[in-house]
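**Student:** Fold the following, please.
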Amino acid sequence: MSLVLCDDHAMFLDSLADALQAHGHRVAASTSDPEQLPGLVRRHEPTIVLLDVHLPGSCGVTLARQLHEEHPDTHLVLLTGSTEAFVRAAYDDGTVDGVVNKGTAVRNLDSALARVVAGERVLVGWPVAVGPVRRTTDLDLLTEREREVLELITDGVPTAAMALRLGVSVNTVRTHVRSVMHKLGVHQRAKAARAAVDLGLVAAG
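**Tutor:** This next block holds a predicted model:
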C-alpha cells in the first residue's frame with residue numbers, strides 16, 4: 001500500500017517512514033508542514049494518509065475532515081499520544097478509519113494499517129477496542145434520491161457526472177454519497193457498491 005505521512009516532528013517522521021518501508025509499505029511522500037498535505041494527497045493518491053493530531057498551526061482532525069471531503073476513497077488514520085474526546089468523535093462519525101496511539105509498536109501500526117485496508121475500522125492503544133462497523137440491511141433507511149445515487153455509485157459514475165445526471169450540485173452529490181456510505185456502514189465507494197449488490201439493493205452487473 002502507498003502512504004502519505006504528516007507529523008510535525010521531523011525525526012519521528014523520518015523514523016516512521018523508514019520503519020513502514022521496512023515493513024513493505026511505500027511511503028509516497030511525507031511532510032511536517034500541514035499546509036502541504038492536501039497537495040501531496042492530490043498528487044500521490046495514497047491508499048492511506050497517516051497524520052498526527054497535533055500539528056503546527058493546524059489540527060489533524062480538522063485536516064482529516066477536509067481530506068475526507070475531498071478524497072472519500074482514501075483511508076485516513078490519526079496518530080495521537082492521548083485519548084482526546086474530539087479525536088474519538090472523528091472516529092465515531094466516520095471521518096477517519098483508525099486512530100493509533102503514537103506509543104504503539106511499529107508491528108501494531110503495520111497490523112492496524114492492513115486491517116484498515118481490509119475494510120475494518122481500528123483503535124490501537126485506546127481503552128476500549130471497537131470492531132468493524134456493521135452494515136444496515138434496512139432499505140427504508142435510504143431515501144429515493146440516495147437510492148439513485150447508490151445505483152450510480154454501483155455503475156461507477158464519477159461525482160461530476162452524477163451531478164449532471166441528477167441536476168444538482170457536486171457538493172449535493174457528495175453529501176448524498178456520504179449519507180449512503182454512512183447508512184451502509186462503509187467508507188469507500190467500491191465497498192458501497194459491493195454492499196448494495198450483496199444486500200440486494202441494486203442488481204449485480
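**Student:** Every contact and neighbour count from this point should use C-alpha atoms.
**Tutor:** OK.
**Student:** care to break this structure down by domain?
**Tutor:** Listed by automatic domain parsing, the domain ranges of the chain are 2-124, 139-198.
**Student:** quick one: low-confidence ranges for this protein?
**Tutor:** Counting by pLDDT under 70, the chain shows low-confidence ranges at 82-83, 126-141, 185, 198-205.
**Student:** Grab the most central residue of it for me.
**Tutor:** His75 (3.1 Å; C-alpha atoms, centre = their mean).
**Student:** and the nearest residue to Val177 once chain neighbours are set aside, how many neighbours?
**Tutor:** In this structure, Val177 finds its nearest non-sequential neighbour in Val149, 6.8 Å apart by C-alpha to C-alpha, 6 or more residues apart in numbering. By other C-alpha atoms under 10 Å, 22 other residues sit near Val149.
**Student:** Give me the distance between Val149 and Arg65.
**Tutor:** 22 Å (C-alpha to C-alpha, to the nearest Å).
**Student:** The residue of the chain positioned farthest from its centre: what's it in contact with?
**Tutor:** Taking C-alpha atoms, centre = their mean, the residue of the chain most remote from its mean C-alpha position is Gly167, at 27.6 Å. Not one residue lies near Gly167 by C-alpha atoms under 8 Å, 6 or more residues apart in numbering.
**Student:** So it versus Asn101, what's the distance?
**Tutor:** Gly167 is 44 Å from Asn101, by C-alpha to C-alpha.
**Student:** In the chain, what residue spans correspond to strands?
**Tutor:** Applying DSSP state E to the chain gives strands spanning 2-6, 26-31, 48-52, 54-55, 58-59, 75-80, 98-101, 122-124.
**Student:** and the third one with strand 75-80, angle?
**Tutor:** What it means is strand 48-52. Following axes from the mean of the first three to the mean of the last three C-alpha atoms, to 10 degrees, one obtains 20 degrees for the angle between strand 48-52 and strand 75-80.
**Student:** What helices and strands are in contact with strand 48-52?
**Tutor:** strand 2-6, strand 75-80 (3 or more C-alpha pairs under 8 Å, 6 or more residues apart in numbering; DSSP states H and E).
**Student:** what are the pairing partners of it, and which direction each?
**Tutor:** strand 2-6 (parallel), strand 75-80 (parallel) (DSSP bridges).
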